[in-house]
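**Q** Fold the stuff below for me.
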Amino acid sequence: MRLLAGIIKKEVLEIIRDIQSLFLLILMPATFILVMSLSMQSLFQPGSDFTVKIIVNDLDRSPESTRYIGVLKKIKNITIVEQTIGLPEEAIRKKITEGDSNFGLVLTKHFTSAVRNFAGSPGEAPMVLYIEPAIQSSIQMGVKNQLLVEFLKLRTGSFFDANAALAAYAGIKKNNFFPEPDAVILPRFAVKSGPESAIPNASQQSVPAWLVFSMYFIVMPISLIFHTEKNYGTLSRIRSIAMDIRYLIAGKIVSYYIISMIQVVCMLCVGRFLVPLLGGDVIGFGSSPAGLFLIASCVGINSIAYGLLISAVSKNTQMAGSLGVILIIIFSAIGGIMVPKFVMPAAMQSLSIISPLAWGLEGFLDIMLRNGGIEDILSECALLVLTSGVMLGATGIMLKKKIL
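**A** This next block holds a predicted model:
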């Protein structure tokens with residue numbers, strides 16, 4: 001036990017001496033989470049100030065088209081940046097490509113006839129929508145659906161105006177025909193415990209992903225550790241006293257586990273205290289502190305084991321540094337860190353099961369977003385612990401063969 005304590009003390013002193021790397025391990029992920037939480041807030045949070053800009057060209061110049069544009073101006077998340085009569089379509093495309101607008105809407109000369117034609121389909125398209133190619137498909141679909149709904153409301157209103165006597169005889173009121181969405185669809189969020197929860201905010205949805213991603217970047221200093229000790233002669237001295245390799249590995253795990261937990265605390269504090277000061281949402285930690293500690297510990301140990309394995313199998317420091325980071329980025333991409341897993345193709349979603357970062361992300365989401373407990377993260381924790389054991393075992397074998 002005294003030998004292990006001595007190794008831990010040595011590792012801690014070495015970490016403290018390299019204060020710049022320690023500061024970077026904490027500052028980099030904290031800054032990353034701060035930036036991503038604030039930048040993604042408008043996309044995640046209902047009722048946010050996120051808007052799309054639409055330039056409108058009214059070729060119909062009718063009461064119906066004027067009324068339609070007036071309705072669009074009242075929609076919170078749509079901004080009509082310009083309404084120019086007779087603006088050439090080429091000018092609309094140019095404004096979009098130059099970044100002045102996200103969409104261009106042309107109300108054709110068939111707009112009024114499409115509104116008033118109740119007997120059949122609208123015929124020729126009453127609207128043409130120009131779209132910036134870089135706009136996400138989900139936002140494109142949302143804008144098109146909003147334009148369609150407002151058009152159908154206008155068309156239905158025109159029908160009721162033309163058949164007021166018939167509607168009154170049937171007891172149908174125009175204002176009740178198109179109810180508000182909240183009156184028809186009542187959203188409820190499925191959580192692990194409790195009947196329902198509050199609307200999840202941007203921080204709860206984005207912070208867990210970047211938290212896991214940042215924790216694995218501890219591989220940067222760890223992946224170089226055995227090469228550094230070999231160059232300094234530390235491993236030779238350890239070999240001369242016939243130290244059990246398990247003590248060497250255990251000492252590094254304990255030392256870097258402390259650093260990993262400091263990382264987690266700092267990143268959660270950023271989400272809880274600093275993000276709200278800058279106008280973002282307050283992150284929720286869920287209802288199970290023990291579950292949060294457990295999944296954070298499992299992810300931390302897995303990232304440390306990964307770093308030690310990379311250090312043991314790499315031939316030199318250049319290979320260790322590049323290999324460690326590259327694999328983390330690949331596992332992040334397929335694990336739903338950079339792109340949400342639900343938008344991936346089915347094959348990619350199946351592939352994500354091989355990524356340890358995906359297991360960690362699901363565990364954090366179960367606790368922080370779905371209000372789960374320890375029992376809900378046992379499978380993810382088991383996978384993380386099992387792979388950690390395999391990596392540490394492989395590290396021990398490689399050290400005996402190549403270094404010690």
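**Q** Counting neighbours, what do you get for I259?
**A** Other residues lying near I259 total 20 when counted by other Cβ atoms under 10 Å. No exception for glycine: its C-beta is placed from N, CA and C like everyone else's.
**Q** Let me see the contact set for Q263.
**A** L25, I26, P29, S214, M215, I218, G300 (Cβ atoms under 8 Å, 6 or more residues apart in numbering).
**Q** continuing past whichever strand or helix holds it, what's the next helix or strand?
**A** Assigned by DSSP states H and E, Q263 belongs to helix 245-269. Next helix or strand after helix 245-269 toward the C-terminus (DSSP H and E): helix 275-277.
**Q** and the closest residue to L392 other than its chain neighbours, what element?
**A** Distance criterion Cβ to Cβ, 6 or more residues apart in numbering; nearest residue to L392, sequence neighbours excluded, is A305 at 5.0 Å. Assigned by DSSP H and E, A305 belongs to helix 289-313.
**Q** how about low-confidence regions in the stretch 201-350 of the chain?
**A** 201-205, 229-243, 343 (pLDDT under 70).
**Q** on that earlier part again, what distance do you get for the residue nearest to L392 to A296?
**A** 15 Å (Cβ to Cβ, to the nearest Å).
**Q** Please identify the helix or strand for S388.
**A** Here S388 is assigned to helix 378-398, by DSSP H and E.
**Q** just the angle between that helix and helix 245-269, please?
**A** Interaxial angle, helix 378-398 versus helix 245-269 (axes from the mean of the first three to the mean of the last three Cα atoms, to 10 degrees): 140 degrees.
**Q** And whichever helix or strand comes after the helix holding A305, what's buried?
**A** Sequence order places helix 317-334 as the next helix or strand after helix 289-313, per DSSP H and E. Neighbour-count burial for helix 317-334 flags A320, G321, L323, G324, V325, I328, F331, S332, A333, I334 (criterion: 16 or more other Cβ atoms under 10 Å).
**Q** The first one contacts I310, doesn't it?
**A** Read that as A320. Yes - counting by Cβ atoms under 8 Å, A320 touches I310, with 5.7 Å between them.
**Q** okay, and the common contacts of those two?
**A** In contact with both A320 and I310: S223, using Cβ under 8 Å, 6+ apart.
**Q** pLDDT of stretch 113-128, averaged?
**A** What stretch 113-128 shows for mean pLDDT is 77.
**Q** Quick check: end-to-end length of it?
**A** Distance between the two ends of stretch 113-128: 15 Å, counting by Cα to Cα, to the nearest Å.
**Q** show me what contacts T51?
**A** K76, N77, I78, T79.
**Q** Would you check how far apart the last one and A134 are?
**A** So that's T79. T79 is 18 Å from A134, by Cβ to Cβ.
**Q** who has more neighbours, the two?
**A** Taking neighbours as other Cβ under 10 Å, T79 and A134 compare with T79 leading, 15 against 7.
**Q** Quick one: mean pLDDT over the helix or strand containing that one.
**A** Assigned by DSSP H and E, T79 belongs to strand 78-83. Averaging pLDDT along strand 78-83 yields 72.
**Q** Kindly check the end-to-end length of stretch 113-126 for me.
**A** Using Cα to Cα, one end of stretch 113-126 lies 8 Å from the other.
**Q** cool, stretch 347-358 as well?
**A** Using Cα to Cα, the end-to-end distance of stretch 347-358 comes to 15 Å.
**Q** Only the buried residues of that stretch, if you could.
**A** Applying 16+ other Cβ under 10 Å to stretch 347-358 flags S352, S355, P356, L357, A358 as buried.
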